Structures are given as C-alpha cells and as structure tokens.
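> Quick one, fold the following:
(chains A and B)
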Amino acid sequence: MRTLIKHVLVSTEPKESLTVNGWVRTRRDSKGFSFLELNDGSCLANLQIVVDAATPGYDRITEFTTGASAAITGRLVASPAQGQKWELHATQLELIGIADATYPLQKKGHTPEFMRSIGHLRPRSNLYGAIFRLRSKLAFAVHEFFQSRDFVYVHTPIITASDCEGAGEMFRVTTLKGKPDDQPESDFFGKKTFLTVSGQLEGETFACALSNIYTFGPTFRAENSNTARHAAEFWMIEPEMAFCDLRGDMDLAEEFIKSLAKYALEHCAEDMAFFAKFVDKGLNERLKFVIERPFIRVPYTEAVEILLKSGKKFEYPVSYGQNLQSEHERFLTEEHFKSPTTVFNYPREIKPFYMRVNDDGKTVTAMDVLVPGIGEVIGGAQREERPDVLMQQMAFHKLNPADYSWYADLRKYGTVPHAGFGLGFERLLMFVSGVSNIRDVIPFARTPGNAEF
RNA sequence: UCCAGAGUAGCUCAAUGGUAGAGCACGCGGCUGUUAACCGUGUGGUUGUAGGUUCGAGUCCUACCUCUGGAGCCA
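Okay, the predicted model is just below:
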C-alpha cells in the first residue's frame, strides 16, 4: 500500500513500515550507505531515504540515478540531522524504471527556456511541480468561489459560428479540403465555424435565464502574438450576472481576484513560499497588499488626465479617444497608484458594440482591471440591454444585425440589465505565483509556430 | 508582424581575427550522517544553418532559422 510523500512528511509519529513510490531527485553515497531524495509530485519537498548497504536491493544502488523511478519500503524515523523532520530507513528497495545519463533534468537550476524544450519532463522539477499544483488548486478555487455564491457553471460551445466582435482573430474549424471559404454551405456544419474566442454571448443567454452564471474553459485566439502574456490556447473564466450594473461587476471582479490570491496563500503555502524565495522576492508583500486594500477605480477620462499631468515621457503620446498603451497602463498600476487599478467608462469608439452606452453618449460601461507586473488581467462591461440602443451600436460599429438576431432577442423578450467579465486564468496564475511568462504556467503552451507535445 | 539582443560540450557560460576552455552533469577512485554533499581524476565540440571576406573566422559581412526582451492585438 503506497503512501504519498506529502502525507509521510506530516506524520506525527514514527511508523514501523510504509512504502513510497516516486522519482529519485538525487543520491549521495557514503561508505556503507546512501542517501536518496525521493519526490512523487504530491508536494514540493522530497523524502530523504537512508539506505544501508545491507538493504535488499542495494547491489543496484548506483542505478538509482536522478530521474529513476522506485518503490521503497522502510521505517519512518525522526531525522537526527538538520534539514528534515522525518526520514525513511529503507528495508526494501525496488528499482522500477532506470534513467540513464541522458536524462536532461539535473540537480541544478535550469533556465525556463530549456525547460520549455523538455515540456514532457519539466513537471518533475520543483518549480513546474509547484506551478501545476497551484494551477489545480486555483481551478478548484474558481469553482468554489462561484458555486458558494450560487453561480451556475455553463459549458458554452468550443466550436462556434459567432464572432465575439473585438476579441481577436479566430481559428477556422472545417472538414473541407482545399479552400473552405469557397463552399462553406457544404462544410460539416453548413456554415463557417471557428474555435471560440469567448463564451460571453452564449453566457449572456444563460444569465438571462439562470441569473448568475460562469464559464471556465479553453479559449482560442489566432493572433500572431509573441509576448510573455499571450497564448493561442488559454483558459478563461467568464461570469455573467443578470440584474447587475457596472459597479456590481467591478465589485465581483475585485472580490474574485482577492479571493483567489487568499486561497493560494492558505492552501498552497509550501509552493507559494517557494515562489517567494526563488521566483519573486516581493510576492508575499504584493499579495498581502492586494488582499487587504481596495482596488483603485478610475474613469478612463480621469486616467487620461493623470497620464497627461504626470510629466512622464511616454513613447506613445496620451490622448483622449485612444486606447491606453501598455506603458500607460503600467504607469497607472505600477507607479502612480502602486495598486491593482480598475479603469472604466471608455470611449464608445474603441470598445465592442455590446457594451452599454452611458448617458453622456460618448462612453460605454467597459472596465479593465490592471495589476502590477502583468497589465490587463480582466476585461468586462455592463451589457447594452436596451434593444434600440443595441441596434444603434451595431450600426455604429458597422455590424450586420442579422448575424446577431438571437443575441438581440435577449433584449426583445424580458430584457434585463446585466454585466460580466473575462479573466485570463493563466494571467491570474502569473500574478499569484510571480512567474513572468505565460508559457510556464500552462502545461503545454500553444503559441505561434509552436504546438509541440 | 515591428524594434533590440542572443545562439559555443547534455546544462550554464568564457575565449584581441592566430592551438576551442571552465563549472555543473556523466564515468572511475576516495570519504561513517549527507542536504544542488565533498576531494581527486577522466570522458565530452560539424561554435544554429548556408554562403562570403581573409594566409587564417567562434570572432568580420550577407541571408535564413530559432530563442529572449520590448511593442501591437488582448485575457
């Protein structure tokens, strides 16, 4: 009967006999005995195993190299040396799978670039093990957050015919050979279809029935983006609330980010301490600040004024009516406010048609949540619920209303004010862990020119 | 896609236009409690690819490929 190392390490008393399975991280030989460090991925720490030369199986001790897999039975005793509370004195050694000298992971730090080239082996390292345990825990926390607030989890389609306008380039889905655009009517679905860039429009239909919903699933963007915070395939969380305005939307976004940061510190303490030590020295301070302090909320117009008055030289000039550049967003969140910052009420021209037009007629109820180090982590809005204004917005953005008839129906029949947002799960993981490249927080990153593994 | 930088041993990096090196990994030997163990010793190279300049190119030039950082697009 196997015991996971995470459970072994928190033992409260010695054990006569237990068995652990895992992969050897390192071996240190002395005369007459050896130390093995075994890791099974259940936690960051290794279990130190002391193997006396008389132990059955010791004749093959030199084959217990870094990367080899093993099953080891022994007595759990308090360790007499510094560095660990418990150690296992082996009584039985079994080598399951050898790892020869070509095993690429060494007992030393590797660059993230090298680790990406061995994506199938990198989860066996300290850093990537920690990242993917955190990812799992936070995915669970997302569900817990929404479920405990009576949000209904909706599986919006992956394959879709609707283009969530403004969200980006789409991957085409087709079974046709040659040029599928020439004959979309004979394609599998009888029309042009794509991988979803957002579940929002479909999510709105469910919010306008079940009140509060959320989606959490893969999302695809065919943009030729080569940055540390973009991937062609990523996971997005999109809550949508009926009978809710922009203020309620901003409240939820803020509460959500705080809740996940708090969850990570409470439920992933060992891995978070590792990030704070080796990835981002200021991590704990930053997360504490985020959890305890209210986010700054600033209207777009005011943000522009702050930027103009800052006296700071920007590469791209600031002017009303233009989208905020990365350098502008960074200045606001990293230098001016030094806090997560929600910018809201953007000019109508630069935001999608579905956002609600404000009384000034010039701005829409958009909001972006910016966080230090990452930039935009959430984009959301109160949706336009007035049928006539929605039609005007489609005309304003030169869209064909026939393509959005079902969407317009939500306003035709029992329309309600509603609002929601999209949060990039990987960007949140980057923020919470301090890991600076999106390729390192997703198991197998899909980026332009790269779909290995 | 644009701008900048970088590709040398399995990994991380050195090398004025003049004999390609170190640390780690790995092999062998030593060490009675180690902690990325330590000490000694050995193996290890088509210098990203293709051209060019030169008596001579890792080093200079051209093109391409890949990666990194920044920008745009956005989550």
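> Please count neighbours and contacts with C-alpha atoms only from this point.
Will do.
> Okay, and the residue nearest to residue A:328 when sequence neighbours are not counted sits in which element?
The spatially closest residue to residue A:328, leaving aside those adjacent along the chain, is residue A:307, at 7.1 Å (C-alpha to C-alpha, 6 or more residues apart in numbering). Under DSSP states H and E, the secondary-structure element containing residue A:307 is helix A:300-309.
> Now do the residue nearest to residue A:328: how many residues are near it, please.
21 (other C-alpha atoms under 10 Å).
> mind listing what it touches?
Contact partners of residue A:307, counting by C-alpha atoms under 8 Å, 6 or more residues apart in numbering, are A:318, A:328, A:332.
> which parts of the stretch 151-300 of chain A sit against RNA strand B?
For the stretch 151-300 of chain A, the contact set with RNA strand B under C-alpha under 7 Å from any atom of the strand comprises A:166-168, A:221, A:223-234, A:236.
> Counting only helices, which of these make the cut?
When DSSP state H defines the helices, the subset of these inside them is empty.
> Selecting buried members of those in PyMOL, what would you type?
Of those, the buried ones go into a single PyMOL selection, burial set by 16 or more other C-alpha atoms under 10 Å:
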select buried, chain A and resi 221+229+230+231+232+233+234+236
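> can you list contacts of stretch A:383-391?
Applying C-alpha under 8 Å, 6+ apart, the external contacts of stretch A:383-391 come out as A:353-357, A:365, A:401, A:408, A:411-412, A:415-420.
> Filter those down to the buried ones, PyMOL style.
Buried members of the contacts of stretch A:383-391 can be picked out in PyMOL with the line below, counting by 16+ other C-alpha under 10 Å:
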select buried, chain A and resi 353+354+355+356+357+365+408+411+415+416+417+418+419+420
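> re the thing from before, which one among the contacts of residue A:307 gets closest to RNA strand B?
The shortest approach to RNA strand B among the contacts of residue A:307 belongs to residue A:328, at 7.9 Å (C-alpha to the nearest atom of the strand).
> list the helices and strands the helix or strand containing the closest one packs on?
Counting by DSSP H and E, the secondary-structure element that holds residue A:328 is helix A:326-330. Counting contacts by 3 or more C-alpha pairs under 8 Å, 6 or more residues apart in numbering; DSSP states H and E, helix A:326-330 is packed against strand A:375-382.
> Relative to the strand it packs on, what are the paired strands and their orientations?
According to DSSP bridges, the neighbouring strands of strand A:375-382, each with its direction, are strand A:363-371 (antiparallel), strand A:418-424 (antiparallel).
> Give me the neighbour count for the closest residue to RNA strand B within the stretch 1-150 of chain A.
Shortest the stretch 1-150 of chain A-to-RNA strand B distance, computed as C-alpha to the nearest atom of the strand: residue-wise this is residue A:108, at 2.0 Å. Residues contacting residue A:108 under the criterion other C-alpha under 10 Å number 6.
> Pass me the low-pLDDT residue ranges in the stretch 251-400 of chain A, would you?
Per-residue confidence of the stretch 251-400 of chain A (counting by pLDDT under 70) places no residue in a weak region.
> Quick check on the residue located most distally from the centre of chain A: phi, psi?
With distances taken as C-alpha atoms, centre = their mean, the residue sitting farthest from the centre of chain A turns out to be residue A:54, at 48.4 Å. As for residue A:54, its main-chain torsions (degrees, to the nearest 10) stand at phi -80, psi -10.
> In strands, which of the contacts of stretch A:383-391 fall?
Under the assignment DSSP state E, the contacts of stretch A:383-391 contribute A:365, A:418, A:419, A:420 to strands.
> Residue A:287: which of the residues you listed is nearest?
Closest to residue A:287 out of the ones in strands among the contacts of stretch A:383-391 is residue A:420 (24.2 Å), distances taken as C-alpha to C-alpha.
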